[in-house]
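Participant: quick one: sequence plus predicted model below, questions after.
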Amino acid sequence: MTEVIFVQDGQLSRSIEVQSGEKAEMILLVLPGVSCDIKLDVRLAGEGSEANIYGAYVCGGQERVKIAVDMHHDLPHCNSRQLFKGIAGGTSKVDFYGKIIVAKDAQRTEAYQENHNILLTDGAKVDTKPQLEIYADDVKCSHGATIGRLNEEEQFYMRSRGITLEDAKVLQMISFIAPVLENIEDEAERELVVAQFESSIRNLAR
């Protein structure tokens, strides 16, 4: 079962060890007004184990959000995926640090890491540092990071269809973080979380 965590102010630190044949899945959610320091250390300690870590954060004021994930692949045939997507406005500051470490014996590893961000204001800042440390040679690993703005061409298209600028921005931002939220397995819980993020995003778009 996927663990869904609404992160509160302060520090969240977790060490997770996944044994053979097991799967660990976690979704971290950060709403506006929350400043936090998230540290995850995930170890795939059994052959055939899997870990998926997702995160969505929306910052619209002076928040300070730090996220650090170390993903250790110790044994063969293990899979991991990390997907973090965030929106930063106001004078908020986001730091993302992600590292995948593949041990020498961890052949046939598959590990992927992505961090994508949208800046809403000139005062907001995002620093993202994905890293790979690979000692095995039979692996499929990748990482990627982007920092950008809302697409004005998309906004123009939606406005030509009668959608207000505010609603166009809201639709863009909800679509942006949707790939994280869609991993919430329980339908009722997912709908509740989407509604919470939509409400927060509407406040940012005003």
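Facilitator: In hand now; what should we look at?

Participant: would you check how far apart the residue most central in space within the chain and V102 are?
Facilitator: Nearest residue to the geometric centre of the chain (Cα atoms, centre = their mean): F84, 1.4 Å. Distance of F84 to V102, given as Cβ to Cβ, to the nearest Å: 20 Å. C-beta: built from backbone N, CA, C; applies to glycine.

Participant: again with Q19
Facilitator: From Q19 to V102 the distance is 18 Å (Cβ to Cβ).

Participant: ok, those two, which is more surrounded?
Facilitator: Each of Q19 and V102 has its neighbours counted (other Cβ atoms under 10 Å); V102 has more, 24 against 13.

Participant: residues in a beta bridge with the more buried one, which ones?
Facilitator: H73, I134 (DSSP bridges).

Participant: ok, the closest residue to the residue nearest to the centre of the chain other than its chain neighbours - how many residues close by?
Facilitator: Nearest residue to F84, sequence neighbours excluded (Cβ to Cβ, 6 or more residues apart in numbering): G55, at 4.1 Å. The tally of other residues near G55 (other Cβ under 10 Å) stands at 25.

Participant: isn't G55 up against V94?
Facilitator: No. With contacts counted by Cβ atoms under 8 Å, G55 stays clear of V94, the gap being 10.8 Å.

Participant: so what sits against both of these two?
Facilitator: 67, 86 (Cβ atoms under 8 Å, 6 or more residues apart in numbering).

Participant: re earlier: list the contacts of the residue nearest to F84.
Facilitator: 27-30, 38, 67, 83-86, 180.

Participant: then R159?
Facilitator: Neighbours of R159 in contact, by Cβ under 8 Å, 6+ apart: 165, 168.

Participant: what helix or strand is it located in?
Facilitator: helix 152-160 (DSSP states H and E).

Participant: got the CA coordinates for the helix or strand just after that helix in CSV?
Facilitator: Using DSSP H and E, the helix or strand that directly follows helix 152-160 along the chain is helix 165-181. C-alpha atoms of helix 165-181 as CSV (Å, rounded to 0.1, in the frame of the first residue of the first chain):
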residue,chain,number,x,y,z
LEU,A,165,-6.2,33.6,-17.6
GLU,A,166,-6.5,32.6,-14.0
ASP,A,167,-8.3,29.4,-14.8
ALA,A,168,-5.7,28.7,-17.6
LYS,A,169,-2.9,29.0,-15.1
VAL,A,170,-4.7,26.8,-12.6
LEU,A,171,-5.2,24.1,-15.2
GLN,A,172,-1.6,24.2,-16.2
MET,A,173,-0.4,23.9,-12.7
ILE,A,174,-2.7,21.0,-11.8
SER,A,175,-1.7,19.2,-14.9
PHE,A,176,1.9,19.7,-14.0
ILE,A,177,1.7,18.0,-10.6
ALA,A,178,-0.9,15.4,-11.7
PRO,A,179,1.7,12.7,-12.5
VAL,A,180,2.6,12.6,-8.8
LEU,A,181,-1.0,12.7,-7.4
